[in-house]
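Asks: Sequence below, structure please.
(chains A and B)
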Protein chains: 2
Amino acid sequence: MAQMNPTVGDLKGNTSKIIRLIDEARTLGADLVAFPELAVSGYPPEDILFKPQFIQDCRSHVDEIVSASRDIAVVLGFPDDDDGMYNAAVVAWDGRLVDVYHKIYLPNYGVFDEKRYFKPGNRCPIYVINGVNIGVNVCEDIWYDLGPTEVQRESGAEVIVNINGSPYHAGKGDFRRQMLAGRAVTNGLFVSYTNMVGGQDELVFDGHSMLFDYAGNLVANGRQFEEELVMADLDVDGVALHRGGGNEPRREDPEALRRVGEPAIIHVSDYRERASGTTQQAVRSEPLGMPGEVYAALVLGTRDYVRKTGFQKVLIGLSGGIDSSITAVVAVEALGRENVVGVAMPSRYSSEGSIVDAKLLADNLGMEMRTIPIEDAFTAYLRSLEDQFRGTQSGVAEENLQARVRGNLLMALSNKFGWMVLTTGNKSELATGYSTLYGDMAGGFAVIKDVPKTLVYEVSEYVNRRAGKELIPRSVIEKPPSAELRPDQMDQDTLPPYDVLDPILKAYVEDDRTYDEILAMGFGEDTVQRVLQLVDRNEYKRRQAPPGVKITPRNFGRDRRMPIVNRYRNF
Amino acid sequence: MAQMNPTVGDLKGNTSKIIRLIDEARTLGADLVAFPELAVSGYPPEDILFKPQFIQDCRSHVDEIVSASRDIAVVLGFPDDDDGMYNAAVVAWDGRLVDVYHKIYLPNYGVFDEKRYFKPGNRCPIYVINGVNIGVNVCEDIWYDLGPTEVQRESGAEVIVNINGSPYHAGKGDFRRQMLAGRAVTNGLFVSYTNMVGGQDELVFDGHSMLFDYAGNLVANGRQFEEELVMADLDVDGVALHRGGGNEPRREDPEALRRVGEPAIIHVSDYRERASGTTQQAVRSEPLGMPGEVYAALVLGTRDYVRKTGFQKVLIGLSGGIDSSITAVVAVEALGRENVVGVAMPSRYSSEGSIVDAKLLADNLGMEMRTIPIEDAFTAYLRSLEDQFRGTQSGVAEENLQARVRGNLLMALSNKFGWMVLTTGNKSELATGYSTLYGDMAGGFAVIKDVPKTLVYEVSEYVNRRAGKELIPRSVIEKPPSAELRPDQMDQDTLPPYDVLDPILKAYVEDDRTYDEILAMGFGEDTVQRVLQLVDRNEYKRRQAPPGVKITPRNFGRDRRMPIVNRYRNF
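Replies: As a prediction, this is how the structure comes out:
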């Protein structure tokens, strides 16, 4: 299982990496190596798939890879134009193309738009490779009770090679593990699940490939969020013994199976060097668990977005608050301290503590910090607007101006030196619109945009525990959150406390709970109404936000497609 | 045909409007009135459809409308949760619900994501209403050669009532007209096509409902971009005579028809008051043609976005250039001169002519213009950044700062007074990234974001012809385009001439042409490479742009889903 990190559109780079991994697998003595879904193109390629030249180019790179499959079997994802476009897996063996499998179940929910691009396949062959019966299928295909795996098992499959581009969200690993173990047991065969690694725009793929035996035991797995070649010897004889010993899996209705896809047996090679059953590799790595896996997701997602878009250095506005602090920690881990520049931009409303905390954090991380006061530009704006604003009360306009001066200063440095600005807003802020468009929302990548504030605290504590010291100063974690855009301003003047806000937001945004259901969770009417209104009214801001790493089951982005014009209120 | 303008999510408002139109139709003596696709919810409701309460609320509003259908038949679109979600049409008659039809063909391309939300239907009944055989189907259902219309014709349908939410793009009317006339002739029946009117985020629906007789003649139609109740008496006896007279349409394979959906005949009411055939309404209105229909689309799209999001007034930065001029013209037509405020924001690089032209335009339109020089704020930024920028050449950073000062001033007025900022960038700029993020791209709605620069000129000439005077000053149309961010800057220093740029952009962005194909159109290698690179590299900017009216077959928005991380280059 080659859990690799491809780059969308980098056909040449992906192909070189694939061929290098094939060579490595061959050297290790592997009979078969599997690569992720659409490994050649990267995943998801989205509307690049509509470029006919791209599809042709993918095909010629696949041909190159097939030629490189000398003495080994290769399973590899690519987009196949065969009288219609398919999300396909090529099966190659010893330098020749054996077959192309077409994915049957196409996800078209959440972040997925596969029915926009692909037709479903209708064949479920097995391949007899070195005498072992292999069924190949793609991602979603294995999630259904009656799918290609069942058809392939009926044809005698002993091993299922399932290849994936399955994006991460917190806790998804458990779902995958239970489902895969169940599929292995129900069908009485080995299930190998190869997943992609790496960030692609707002998605991050967490690797964590898994191999289960016919009894549902986890035989081998890959690390989370790291590229890796995971090897295991399979006791394939055990499948037949297991089935012969009265553990024959249930048979499905043959007609129902045929509706999934046509079965077939494709003979590739006879020679069968059975594993002894003693060299199976032990499970290598425990899952990171929470909140460590979220932190790892942020790091990989940020590193890949910055590097794959061709940037070297990043820029972060340091306020001395917890959001910009954790963003800086992630950036330093992702890119190295020498590639992260912090900028403190104090105003008349900045507390002394904030400036000290920002400096302390930068020192702890060993990163550069610059200081540019915003007072001059802010005053110039107020002067320019004096006539316009005469007779009005100071308010949101003046507060946003400060945030926008900061945004402009960061963007000026970005434009001048070619550094990407990382924004620092969290999910609770973005949900409620507690942020300034073109101000603190200005930048190329929003590292923690899908991390609710309460989880920001958990991740910060984790970071400090892991470092064995207060990387993020205690004072940053303990002080009450403030935007510092007017005297003595506190988040809690405007928003409910975060431990009230975040469960309401999760219920409304991620779980589609109704107003009545949220009230029944024990929150007050005024609070719930206010939060729901804020969420509904701020869609326009989110639409202009930069992308950031998805770490929850539903992020603000491709996952949640709300109209801006939306008069629906259910309270 | 009630071509109405609903608002997404405004169930109460939409229902009132529907009931009022039913009453009006009844008063006019109509036997049947058809409303657009998803008229109750507005279209497209997108992920609001995932809220269970929303679906229930839609249903109770449908019940209210059914009750209001006394003495008339009503066909009306709504989202139906019936063991799965369907894009449905309710058929009501004399206060009772007769049936619910489920759309069979679900578009999942371009701007459409219908497979994300809906299951396909599998029934194609006809309804015998006042003795006339009526087949009802929804939008895409009528675009296929073998669809519900064919099944319904086989059951004896004399009239097809097809209801639509079909978004506008330039020239789409001709496609619709040819397709519908063909469908009417092939099947030998009346085809009524009721389309929605109004703006919804980046989409605008153009109405232009049409009714064809069995010989393919256009019997009646609705205006483009206007709400209207379109009435016609149908000579339904003519259908039988036509068929009996040797013009029987071809029969399809019954099995193929059954695969589309089950036929059925639902008897509603016997009484049949046949039309005399003499009171058919003449075709009312000629299509606006180009570029008038584009202008009308911009006006309606802008009016509806501003009004439906609850704004009264808008704000436009007036540079004296053609883009901000046409934006102001559209805004004044859409919202009234009293609701449009222009702001001139001159800098050290603004030409005298620009300021004069901006003032002249505002005077021509009778709209307010304010002037806020940007020099103070710009200088303050340069001073604040002096240490950081020391030893560097003045360039993009300094240019963007000026655009961002303007963006901030507009947003400050917006925040202070609650006016929406309209941005002024065109499609050629957005495609090539010739614009400043958080600068001239800052605002709530981008009126001409889908209008290529060459078309901006055509629309401007049209506007002046229509006004019978130079509403947009001749000097604005004739001067060479410039961003005026450095001395003597011209667009053509950076971009190819627009009459070269725009065809390349159309070929690449809208038509998925390859590099070689574009070269074969006769453009130089350097030019084509440069343009394609600019398009590819600026996806990140477009992702943070406000929405604007779609007027081409493929806009930047839901229509084109390109990854930001994208290393694919085909040259």
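Asks: For residue A:490, give me its contacts.
Replies: A:480, A:481, A:482 (CB atoms under 8 Å, 6 or more residues apart in numbering or on different chains). Yep, even glycine has a C-beta here, placed from its N, CA and C like the rest.
Asks: For the buried ones among the residues you listed, write the corresponding PyMOL selection.
Replies: Those of the contacts of residue A:490 that count as buried under 16 or more other CB atoms under 10 Å in any protein chain shown are selected in PyMOL with:
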select buried, chain A and resi 481+482
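Asks: Pull the number of nearby residues for residue A:515.
Replies: By other CB atoms under 10 Å in any protein chain shown, 17 other residues sit near residue A:515.
Asks: So residue A:201 sits against residue B:564, correct?
Replies: Yes: if you go by CB atoms under 8 Å, residue A:201 and residue B:564 touch, sitting 5.3 Å apart.
Asks: Can you pull the residues that touch both of those two?
Replies: Counting by CB under 8 Å, 6+ apart, the residues touching both residue A:201 and residue B:564 are residue A:547.
Asks: Look at the two and report which has more neighbours.
Replies: residue A:201 (29 against 23).
Asks: Now for the more buried one: which residues touch it?
Replies: A:305, A:547, B:563, B:564, B:565.
Asks: just to revisit the earlier point, export the contacts of residue A:490 to JSON lines and append columns for pLDDT.
Replies: Output for these, formatted as JSON lines (pLDDT from 0 to 100):
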{"residue": "A:480", "pLDDT": "88"}
{"residue": "A:481", "pLDDT": "87"}
{"residue": "A:482", "pLDDT": "86"}
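Asks: quick one: which of the contacts of residue A:490 is nearest chain B?
Replies: residue A:482 (19.8 Å; CB to the nearest CB).
Asks: mind listing what that closest one touches?
Replies: By CB under 8 Å, 6+ apart, residue A:482 lies in contact with A:321, A:351, A:489, A:490, A:491.
Asks: again, only this time at 6 Å
Replies: Going by CB atoms under 6 Å, 6 or more residues apart in numbering or on different chains, residue A:482 touches A:489, A:490.
Asks: In a helix, it, correct?
Replies: No: Residue A:482: not assigned to a helix; according to DSSP: H, G, I helix; E, B strand; the rest coil it is coil.
Asks: So what touches the helix or strand containing residue A:16?
Replies: Of the helices and strands defined by DSSP states H and E, residue A:16 is found in helix A:11-27. For helix A:11-27, contacts defined as CB under 6 Å, 6+ apart pick out A:2, A:4, A:6, A:33, A:35, A:40, A:57, A:61, A:64-65, A:68, A:71-72, A:74, A:229.
Asks: Out of those residues, which sit inside strands?
Replies: A:2, A:33, A:74, A:229 (DSSP state E).
Asks: Just flag the most distant two among those.
Replies: By the measure CB to CB, A:74 and A:229 form the most distant pair in the ones in strands among the contacts of helix A:11-27, at 12.9 Å.
Asks: which parts of the stretch 101-250 of chain A sit against chain B?
Replies: Contact residues, the stretch 101-250 of chain A versus chain B (CB under 6 Å from any CB of the partner chain): A:108, A:115, A:116, A:200, A:201.
Asks: What count of nearby residues applies to residue A:96?
Replies: Residue A:96 has 11 neighbouring residues, counting by other CB under 10 Å.
Asks: what does the one 10 residues further on give?
Replies: Counted with other CB under 10 Å, the neighbours of residue A:106 add up to 22.
Asks: what sits against it?
Replies: Counting by CB under 6 Å, 6+ apart, residue A:106 makes contact with A:114, A:115, A:118, A:120.
Asks: how close does the nearest residue to the third one once chain neighbours are set aside sit to chain B?
Replies: For residue A:118, the nearest residue in space outside its immediate sequence neighbours is residue A:87; the separation is 4.7 Å by CB to CB, 6 or more residues apart in numbering or on different chains. When distances are taken as CB to the nearest CB, to the nearest Å, residue A:87 and chain B turn out to be 15 Å apart.
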